[in-house]
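> coordinates only, sequence not included:
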């Protein structure tokens, strides 16, 4: 547990500096790197993927990120193009035809699951709004991405410690034997608390009812995201997606909840947020 805490602190300090006072263009770049690392880890899980398959998955994901960086309107077409690249790679070298469909499905999952969903986090960082308590328009991205992080990581921390201290009732033992209902409630408290912290420090225009709603939605989606990644790991017989982060596992292990929360928050900022400010 000590290693997990130290790794978390070592990651949090430079990340907060970058978001709060560093060159903010580094945040979208960092999100692209995180996405590609997570995609690479997912591509390494299935033992039947070839090197060409993995390369196609990464190329498709990178192309999606590049298009998303340029314009949110390109996200859909770029995701479609990434899927086409992945499927074409399998078609080019089908190998054992009985396993070709499984390879194609695994590559499509990488582009859609990791690439497209984390592209929403990239768009959150690039959001622009003139109505953020007098802050200059480009500064909105700082508050927006901090809200995303504060919805996810305090929830993840709350679930971890509540589960260790109070966990008695299994949440979904078939997929994740260690997760508990008590831990899920700890995650709920952490996500709601994170939403209110973001509101107090960075987003004072965020209505209280919205903060509560976002916290609840984030807690639920974070649990689903965590369980989905656990499903992949159990299916492929591995404990962690990688060993990049001591005490946490791989990058995908660290952002599995964020992957599912990012689309929800991006949808919020592009639909309900303007109405809240009206």
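Sure, I can see it. On a predicted model such as this, the values are computed, not experimentally measured, just so you know. Residues are numbered from 1 along each chain as shown.
> residues of the helix-or-strand element of the chain with minimal mean pLDDT that come out buried?
Sorting the helices and strands of the chain by mean pLDDT, DSSP states H and E puts helix 2-20 at the bottom, at a mean of 77. For helix 2-20, the neighbour count (16 or more other Cβ atoms under 10 Å) marks 7-8, 15, 18-19 as buried. (Each C-beta comes from the backbone N, C-alpha and C, glycine too.)
> which regions of the protein lie under the pLDDT threshold?
For the chain, applying pLDDT under 70 flags the ranges 1-2, 4, 8, 129-139, 275-278.
> for it, what spans make up the strands?
Using DSSP state E, the strands of the chain run over 170-172, 176-180.
> Could you give the separation of the longest one from the chain centroid?
For strand 176-180, the distance between its averaged C-alpha position and the chain's averaged C-alpha position is 20 Å (Cα atoms, centre = their mean, to the nearest Å).
> Tell me the buried residues in the helix ranked longest in the chain?
Taking DSSP state H as the criterion, the chain has its longest helix at helix 208-236. Across helix 208-236, burial judged by 16+ other Cβ under 10 Å covers 210-211, 214-215, 217-223, 225-230, 232-233.
> Does anything pack onto it? Which helices or strands?
With contacts taken as 3 or more Cβ pairs under 8 Å, 6 or more residues apart in numbering; DSSP states H and E, helix 208-236 sits against helix 140-166, strand 176-180, helix 181-201, helix 251-277.
> returning to what we had before: tabulate the strands of the chain (CSV), appending distance to residue 103 and mean neighbour count.
Compiled in CSV, the strands of the chain are given as follows (distance: least, Cβ to Cβ, whole Å; neighbours: other Cβ atoms under 10 Å):
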stretch, distance to residue 103, mean neighbour count
strand 170-172, 28, 17
strand 176-180, 26, 17
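> Quick one: residues contacting residue 89.
Contact analysis of residue 89 by Cβ atoms under 8 Å, 6 or more residues apart in numbering lists 52-53, 55-56, 107.
> Any of those buried? List them.
By neighbour count, with 16+ other Cβ under 10 Å, these hold 53, 56, 107 as buried.
> quick revisit: contacts for the least confident helix or strand of the chain next, please.
For helix 2-20, contacts defined as Cβ under 8 Å, 6+ apart pick out 24, 26-27, 30, 142, 145-146, 149, 153, 157, 160, 245-248.
> got it, and stretch 62-80?
Outside stretch 62-80, the residues touching it (Cβ under 8 Å, 6+ apart) are 28, 32, 35-36, 81-82, 85, 111-112, 115-116, 119, 122-123, 126.
> Farthest-apart pair in those residues, please.
85 and 126 (23.7 Å; Cβ to Cβ).
> Of these two, which one has the most company?
Between residue 85 and residue 126, counted using other Cβ atoms under 10 Å, residue 126 has the larger neighbour count: 22 against 19.
> buried stuff in stretch 239-259?
Residues 241-242, 244-245, 248-259 are the ones in stretch 239-259 that count as buried (16+ other Cβ under 10 Å).
> got the end-to-end distance for it?
Using Cα to Cα, to the nearest Å, the end-to-end distance of stretch 239-259 comes to 19 Å.
> Check what contacts it and list those residues.
Stretch 239-259 is contacted by residues 1-8, 11, 34, 37-38, 41-42, 44-45, 113-114, 117-118, 121, 148-149, 152, 155-156, 221-223, 225-226, 228-229, 233 when judged by Cβ under 8 Å, 6+ apart.
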